[in-house]
Structure formats: C-alpha cells, structure tokens
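Student: For reference, the sequence and a predicted model appear below.
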Amino acid sequence: MEKKQYQLGDVVQMKKPHPCGTNEMEIIRMGMDIRIKCVGCKHSVLVPRSKFESKLKKVLRSAAPAEDSAATDEGEA
C-alpha cells in the first residue's frame, strides 16, 4: 500500500469522526508526534506518528508551498 503524503498545514480526513461530529483535522505540528486540530471545534490532540498514519484516510486540502508564493511575489514587484 502506498504511503500517504502530508505536510504541515494540510487538512486531512480521519477514519473516525471527532466527538464534535467532524472528521476533518488540520496538521499544526509535525515531529515524532503529530498535533492535529479539529476543524469543527478547534480542539487539538497530540498523536504518535504511527497511530496518525494508521488512522489517516486521505488528504483533503494541501497547504500551499510557501516557497512558490514567495517567488511569484518577488517577480511581480
């Protein structure tokens, strides 16, 4: 099975919903553990990376790369 690609700032869909009812989470910290924040109620949870990867269903919205937007801003000025 292919490993899913995710990065800081991505909004991901988890297999099980949060108790508030939504299953969309935003990645706000990455390391050995990953901190995710519920899009619905803004509650954050620190999850071990291995558990996060097993519970991740798919990446809904990927964060825009900061390097590309900075390069286009400099070109317009």
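Tutor: Structure received.

Student: Tell me where the chain has strands.
Tutor: Secondary structure of the chain by DSSP state E: the strands cover 11-14, 24-29, 33-38, 44-48, 56-61.

Student: how far out from the middle of the chain is the last one?
Tutor: Taking CA atoms, centre = their mean, to the nearest Å, the mean C-alpha location of strand 56-61 is offset from the chain mean by 8 Å.

Student: on that earlier part again, of all the strands of the chain, which one is nearest Gln5?
Tutor: strand 56-61 (7.2 Å; CB to CB). C-betas here are computed from N, CA, C, even on glycine.

Student: Can you report how many residues neighbour Lys3?
Tutor: The number of residues packed near Lys3 is 6, by other CB atoms under 10 Å.

Student: Does Gly40 touch Glu24 like I think?
Tutor: Yes - counting by CB atoms under 8 Å, Gly40 does reach Glu24; the two are 7.2 Å apart.

Student: mind checking which helix or strand of the chain has the lowest mean pLDDT?
Tutor: helix 66-76 (a mean of 54; mean pLDDT, DSSP states H and E).

Student: one step back: export the strands of the chain to CSV and tack on mean pLDDT, mean neighbour count and distance to Lys3?
Tutor: Formatted as CSV, the strands of the chain follow (pLDDT from 0 to 100; neighbours: other CB atoms under 10 Å; distance: least, CB to CB, whole Å):
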stretch, mean pLDDT, mean neighbour count, distance to Lys3
strand 11-14, 93, 18, 14
strand 24-29, 94, 18, 15
strand 33-38, 94, 19, 14
strand 44-48, 94, 13, 16
strand 56-61, 89, 14, 10
